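Student: after the sequence you'll find the predicted model.
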Amino acid sequence: MSLVDLANTKVRVIGCSAVMGVAPMIASAIANPGVTAALGAMANPVVGGIAILATIAGGIAGNIAANDLGNRMAEKLAKNPNILDNHDLIKAAGEAIGYILKDVAKSDELIAIAETKNWPYPEQDLDKLADKTPEYWQNINTQGADLSRSLNISEEQLTLIFSADAAEFDRVTGLTPADWARFIREFARSEGKTFDAEIVDFVAQRLYETFPQAYREVLKRDAAQGGEKFAAMLLNLHQIALADLKELGLQNREILDKLEAVATREDICQVMAKLGAMEIGIRDDLAQIRALLQRYIDPTAPGLPISFKSETIIQDRIKDFTGRKFVFEAINEFLRTKRNGYFVLEAEPGVGKSAIMAACVVLLKRRCITHFNSQPDGIVSAKTFLENAYIQLIEGFGLKDKYPRLPANALDNNSFLDELLKEVSAKSSTNKKIIFIIDALDEVDLSLQNSGSNVLHLPNLLHDNVYFIVSKRPESLQISTANKTVFDLMKYDAESLEDVKAFLAKRTDRSQLIQDWIKDRNLQREQFVTAVAEKSEKKFIYLRHVLDEIEGGTYNDVNLNDLPAGLEEYYQKHWAQMIGREDDPLLELKVRIIYFLSQAEEAVSGRWLAKSAREKNVIKVQQVLGKWNSFLRHEKVGKETRYTIYHNIFRQFLEADETVQSAGITLDDINDDISDSSTGGAPL
């Protein structure tokens, strides 16, 4: 391979990497539901990259076609000298290549090729190349590169790259296999190594198929560490892309405001965390289940327009997801053997019902009607569910021309839902199914709907190939239907314990801080996993809290036996620690803020909390929020962070009589203050 060809290859990889780095940030900003509503944009920018590009193109003077705009942006990014010379971008691409080479080196397929041909195993040589890739990649001189050559990103690839749906992005491919094969041969030659053509072709094919995902994984890992290496580079890419869009004539203020809101390292890290790399574990652990479930949907069809709130919950709950194969096997059997019906997942609070439902949405590639009830987010009514379901059915199944607006009284009962399901069911292929995923029925406020009807006005009778997969606590809720399968998760003690141990092992393996905590106490990893699994009472919410606090240093002076036993004891110990110091100047503010959060009906900002607590110093409020951080879910709205209680169990703990009494407050006073703040126009 000539030096010029090598330079051209590097330029093309760096150009593609720039596009693949900046596109998800643009997609994340444009996919904000507020933008699409204001523009009347295409149905679901969250999923289809073409819809995101079309949204931007529609805001440019001259009405550039979507794919033409995408290619113009790609060319501008690829040939920008600030990008070609960006050391961090080159390093990130080199790390991604090395990551793939390491993975390929130990693959069973490569070993089989070597054994079949009676060749020496290439693992050691590939490992050495992987270690040297970032340095070698950095030293390729691009001065002789032909910048007139196009990146040749196809229309299909552009659509996938600019999608905010991680499942779509996973179908992106890199350079051609021939490009990667030439690179591997030249790289190996420079290190005094040679590989047989069949091995080169195998490695090149893997680079072709997985470079975009590996590159994303490198950026995601960096974001998880606060963007220590690459956040500045991504921010620079975003700013260059924004400048290019303005040069092309982007004038729509709504879009510009959203793009300009991505302005800090923290914003970049938050976007990268949403790219779905955390879902890779699901695909690895449950690949067989994923394949089974996807038989019931059309994986090539656009994903349905999941609401922003539900998507936020999904991304939060899917983090570190582990196991639960036996639950998905039961769901698969239900879908396989029933003509229609309800699959009801029942379990006590904290054992991971929401995580299972979130994983189910991911495994179905978001080709299901999705609704997550949530008291902390104020999603508790049948009307909210029905509106959410109508949007997904109408837009997802191409009925927008027929139903440009909802019929009168459509939110009062399920008559229109039944009409839609009948129509969609008739249009669907006989081997494909219409699947609803509905979480936390127990958090629905039944006082907001007619008495005697099913919770959320769920239909009594279902058309063929219509299925509802729902979750709830064991308490009785009305779901009157002849075809109902109840799955009691609490009967699967042994399987749940194994999943808890697997979760603990996974978190421990990837956390040096947890490993150090274990080592400092002269423990074996298996000893730690067994003991914490027992203390957790098989509640994943306990594991999330305790492991986060071990990493955060809360338990630096605590031995294994002193870790709280069970979720209730965890809350009690944390509560006692927070309010136990009478000399703490922030004590009253700590208590009032967590109670304001527990009573608020949706995510609220620090400014709102400061006003509710009558605290003029917003910095003090932020300090208090840091103390409660492990209990809070963060949500970015524009440039503002808003907060909700992470799990409803903690809200119920706060409302227990003994907790309220120890806090020395009354919930009536808190609610009065919330009402005063709301009527005073405080920011949500």
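Tutor: That came in fine, so what should we check first? Numbering: from 1, shown residues only.
Student: tell me the contacts of the residue lying closest to residue 134 once chain neighbours are set aside?
Tutor: Distances taken as Cβ to Cβ, 6 or more residues apart in numbering put residue 94 closest to residue 134, at 3.7 Å, once the chain neighbours are dropped. Backbone N, C-alpha and C define where each C-beta goes, glycine included. For residue 94, the contact set (Cβ atoms under 8 Å, 6 or more residues apart in numbering) comprises 133-138.
Student: from those, list the buried ones, please.
Tutor: When the contacts of residue 94 are checked for burial by 16 or more other Cβ atoms under 10 Å, the buried set is 133-134, 136-137.
Student: now for those: which two are most distant?
Tutor: Largest separation among the buried ones among the contacts of residue 94 by Cβ to Cβ: 134 and 136, giving 7.4 Å.
Student: still on that earlier bit, so which of the contacts of residue 94 belong to helices?
Tutor: Of the contacts of residue 94, the ones assigned to helices by DSSP state H are 133-138.
Student: what's the span of stretch 602-619, first residue to last?
Tutor: Taking Cα to Cα, to the nearest Å, stretch 602-619 runs 22 Å from one end to the other.
Student: run the chain-centre distance for that stretch.
Tutor: Relative to its chain's centre, stretch 602-619 lies at 28 Å (Cα atoms, centre = their mean, to the nearest Å).
Student: same thing with stretch 376-384?
Tutor: The chain centroid and the centroid of stretch 376-384 are separated by 21 Å, computed with Cα atoms, centre = their mean.
Student: for this structure, which element, helix or strand, carries the lowest mean pLDDT?
Tutor: Comparing helices and strands within the chain by mean pLDDT, DSSP states H and E singles out helix 33-39 as the least confident, with a mean of 44.
Student: show me what secondary structure element comes after that one.
Tutor: Following the chain from helix 33-39 toward its C-terminal end, the next helix or strand by DSSP states H and E is helix 49-58.
Student: elements contacting that following helix?
Tutor: Here helix 49-58 is seen to pack against helix 3-30, helix 33-39, helix 66-78, helix 155-161 when contacts are counted using 3 or more Cβ pairs under 8 Å, 6 or more residues apart in numbering; DSSP states H and E.
Student: quick one, which of those helices is nearest to residue 249?
Tutor: Using Cβ to Cβ as the criterion, the shortest distance between residue 249 and these is 10.1 Å, found for helix 66-78.
Student: rebuild the ones in helices among the contacts of residue 94 as JSON lines, extending it with distance to residue 324 and pLDDT.
Tutor: Conversion of these to JSON lines gives the following (distance: Cβ to Cβ, whole Å; pLDDT from 0 to 100):
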{"residue": "133", "distance to residue 324": "36", "pLDDT": "85"}
{"residue": "134", "distance to residue 324": "37", "pLDDT": "82"}
{"residue": "135", "distance to residue 324": "42", "pLDDT": "83"}
{"residue": "136", "distance to residue 324": "42", "pLDDT": "82"}
{"residue": "137", "distance to residue 324": "40", "pLDDT": "81"}
{"residue": "138", "distance to residue 324": "43", "pLDDT": "82"}
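Student: so which of these comes closest to residue 613?
Tutor: Proximity to residue 613 was ranked across those by Cβ to Cβ; first place goes to residue 134, at 49.4 Å.
Student: can you give me the helices for the stretch 151-300 of the chain?
Tutor: Counting by DSSP state H, counting those that start in this stretch, the stretch 151-300 of the chain has helices at residues 155-161, 166-169, 177-190, 197-224, 231-248, 253-260, 265-273, 280-285, 287-293.
Student: what about the shortest one, average pLDDT?
Tutor: The average pLDDT within helix 166-169 is 68.
Student: low pLDDT regions in the stretch 401-550 of the chain?
Tutor: 429-430, 481-482 (pLDDT under 70).
Student: for residue 499, which non-adjacent residue is closest in space?
Tutor: Counting by Cβ to Cβ, 6+ apart, the nearest residue to residue 499 once its immediate chain neighbours are dropped is residue 323, at 3.3 Å.
Student: from memory that neighbour sits against residue 502, does it?
Tutor: Yes. The pair formed by residue 323 and residue 502 meets the contact definition of Cβ atoms under 8 Å, at 5.2 Å.
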